[in-house]
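> Next come a sequence and a model predicted from it.
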Amino acid sequence: MKGVSTLQSIKGIIFSLALLLPVYATASDFYTSDLNNNSKTAKSAGYYLVQDKVWSENGCVADSGKDKLNPGDTTTLKIKKECKWGGVRYKIQTVKDNTSMGFLSHSFHDGTFSLEVTANCNNNKCVFRDLSPEQNR
């Protein structure tokens, strides 16, 4: 009887490990990057990030993350390992009055993730001030 119990325990352990193996194997099939919305400060209520567009070569974005990020939220972008580029663009909107401030892109190119903040130009006049989404001052 004791031998049967031991055999059942070993089978249970092997079965549990077998369940974990596919998870481990698929985790290495992606490049992943977290996007943290840390826009809330003592002086500002922060910005919402609303997913606007997803782009990639041949469906390389495996998971584009959350549709909307509130201040304090985090999301993860997953790109398939065999791919060279892809990304997600978000509209930047103020929490205070929902004013559109421009766009934030979370993208992947040749093994590296990056963030890019863009603002709309005013009547074909484009002015660069700094690395802040507050371009309308």
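Looks like it came in fine. Given the structure is predicted, the values throughout are model-derived calculations rather than measurements. Numbers count the residues shown, from 1 in each chain.

> This structure: helices as residue ranges?
2-27 (DSSP state H).

> Can you list the low-confidence ranges for it?
Counting by pLDDT under 70, the chain contains low-confidence ranges at 1-27, 130-137.

> rerun that using 50 as the cut-off
Where the chain drops to pLDDT under 50, the residues are 17, 20-25, 137.

> if we look at stretch 38-47, which residues are touching it?
Outside stretch 38-47, the residues that touch it by CB atoms under 8 Å, 6 or more residues apart in numbering are 37, 70-72, 92-96, 101, 133. Bear in mind the C-beta positions are built from the backbone N, C-alpha and C, glycine included.

> out of those residues, which are buried?
For the contacts of stretch 38-47, a burial check counting by 16 or more other CB atoms under 10 Å picks out 37, 71, 92-94, 101, 133.

> coming back round to it: so which of the contacts of stretch 38-47 sit within strands?
Under the assignment DSSP state E, these contribute 92-94, 101 to strands.
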